[in-house]
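heads up, no residue letters with this:
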């Protein structure tokens, strides 16, 4: 294996590899981050590393894994250091990131995480726990009070399992100790993610204690954010390639694209890093930026993922290059999504959409359709269904959006077009399987899926135009397959009819 990346081997890195320009032994810790997955380490940790390189050493990050010890086990022997490889057709730029000051595995030692969150010098608790980590109903935004982790955390508040449980217990302890509240910073792809987090935390606190709920509602700042960077899963081939470049072994490097964006509502009563040094944008209202990204980027990504996987394409780049997919996504963006977006001062939507196509086509970024397809029941409302609601409200067609929804349904049935099993990763996978078992027709399957109120709410299933459009798309996918379905959308606007 050779030498491993660590504080002691930073001096052995090639000259063209960026590395921390600060003394890591002098780092202080001002942030606890819940969910130290690949996205955090390619995004917020990189922005924070730039602040540290600028000389403000107050903002080191203690990272917490809420489920697995895998990240801690990989990075602890490396003193928390890891490589970020920004790749595109022009090549690869490597940077070693040093903003981590520690890693905690919550299930092993919940008290260690709570202690870290309660320290008075902690000013920010940030999160990338994915949509399902908020233990809420995606269709309504309400806390799911029946969620097993929520029920556990209400019964055992000093040994929580959920992000919400840890947050509220830490707030309660800080309040009792007389420490100023921290700021809660969601960095997940959720509509109004700050307000969604505040709503869940406030309700959970109310269920524990009325006064604690009022304290969370009145005293805890939860700025909203919009985050954007494509981060595929790291493979063994990636590890080998990075080791060759570094001359050192890195157990968990991050592969990503050069593009990165972070738009943040500027509401940090306890103070914050000057992330604008690294290119973050601070605004008074994030909503319009977030809507643009969720509907154009994430909506397109999910549609490409389900249809691409079903058509046999392993990566987004392969899918967007396949016949008909580019035309489908172009029409999806231009005709169905763009009319639902508000004006964005300073944003040229035509340029933004053209840049998205270039990012999707990035030949060096092997972003797997299967990876994007995970947790679709949690993603669908904000990526596709809310756009459909707007289209229905304006009396406009939405056939491409409906095909994306139908493709999710077809994918979660668990068999691909050749009959091979699909490894469906979704918190509702078992419920979907039980509801759809024994159904074969598009009509019966559509009825079964639309019974998932936590996904579709009660409004969409009652709309005949929604049911008909999704059923038509699902019927087409079941009879002809994804490639043939995509081919139907080459016309300026398809008028689909079931045969």
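Nice, thanks for sending it over. Since the model is a prediction, treat every value here as computed from it, not as a measurement.

buried stuff in stretch 317-333?
Counting neighbours by 16 or more other CB atoms under 10 Å, one finds that the buried residues in stretch 317-333 are 317-320, 322, 324-326, 328-329, 331-333. Using the backbone N, CA and C atoms, a C-beta is placed for each residue, glycine as well.

Considering those, which is situated nearest to residue 130?
residue 319 (22.1 Å; CB to CB).

Could you report the neighbour count for the closest residue to residue 413 other than its chain neighbours?
Once flanking residues are discounted, residue 413 sits nearest to residue 436: 6.2 Å by CB to CB, 6 or more residues apart in numbering. Residue 436 has 18 neighbours, counted by other CB atoms under 10 Å.

One more: residue 334?
13.

With the one 5 residues further on instead?
The criterion is other CB under 10 Å. On that basis, residue 339 has 12 neighbouring residues.

can you give me how far the one helix or strand in the chain whose mean pLDDT sits lowest is from the chain middle?
Least confident helix or strand, the chain: helix 287-292 with a mean of 92, by mean pLDDT, DSSP states H and E. Distance, stretch centre to chain centre, for helix 287-292: 15 Å (CA atoms, centre = their mean, to the nearest Å).

Pull out the buried positions in it.
Quick answer for helix 287-292 (16+ other CB under 10 Å): 288-292.

circling back to that earlier point, reformat the buried residues of stretch 317-333 as a markdown table; add secondary structure, distance to residue 229 and pLDDT.
What follows is those, written out as a markdown table (DSSP: H, G, I helix; E, B strand; the rest coil; distance: CB to CB, whole Å; pLDDT from 0 to 100):
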| residue | secondary structure | distance to residue 229 | pLDDT |
| --- | --- | --- | --- |
| 317 | helix | 16 | 95 |
| 318 | helix | 21 | 97 |
| 319 | helix | 19 | 97 |
| 320 | helix | 18 | 96 |
| 322 | coil | 24 | 96 |
| 324 | coil | 28 | 95 |
| 325 | helix | 22 | 96 |
| 326 | helix | 22 | 95 |
| 328 | helix | 24 | 96 |
| 329 | helix | 20 | 97 |
| 331 | helix | 26 | 95 |
| 332 | helix | 22 | 97 |
| 333 | helix | 19 | 97 |
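
possible to save the residues you listed as TSV with distance to residue 39?
Output for the buried residues of stretch 317-333, formatted as TSV (distance: CB to CB, whole Å):
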residue	distance to residue 39
317	19
318	22
319	21
320	21
322	26
324	30
325	25
326	26
328	26
329	22
331	29
332	24
333	23
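
got the buried residues for stretch 268-283?
Quick answer for stretch 268-283 (16+ other CB under 10 Å): 268, 272-273, 275-276, 278, 280, 282.

what's the most distant pair in the residues you listed?
Those two in those that are separated most widely, counting by CB to CB, are 268 and 278, at 15.9 Å.

which residues in this protein form strands?
Applying DSSP state E to the chain gives strands spanning 29-34, 60-65, 82-88, 91-97, 100-105, 124-127, 183-186, 225-228, 254-256, 261-265, 281-283.

want to throw those strands into a markdown table with distance to residue 3 and mean pLDDT?
Formatted as a markdown table, those follow (distance: least, CB to CB, whole Å; pLDDT from 0 to 100):
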| stretch | distance to residue 3 | mean pLDDT |
| --- | --- | --- |
| strand 29-34 | 27 | 98 |
| strand 60-65 | 24 | 98 |
| strand 82-88 | 14 | 97 |
| strand 91-97 | 14 | 97 |
| strand 100-105 | 20 | 98 |
| strand 124-127 | 32 | 98 |
| strand 183-186 | 36 | 98 |
| strand 225-228 | 34 | 96 |
| strand 254-256 | 20 | 97 |
| strand 261-265 | 34 | 96 |
| strand 281-283 | 39 | 95 |
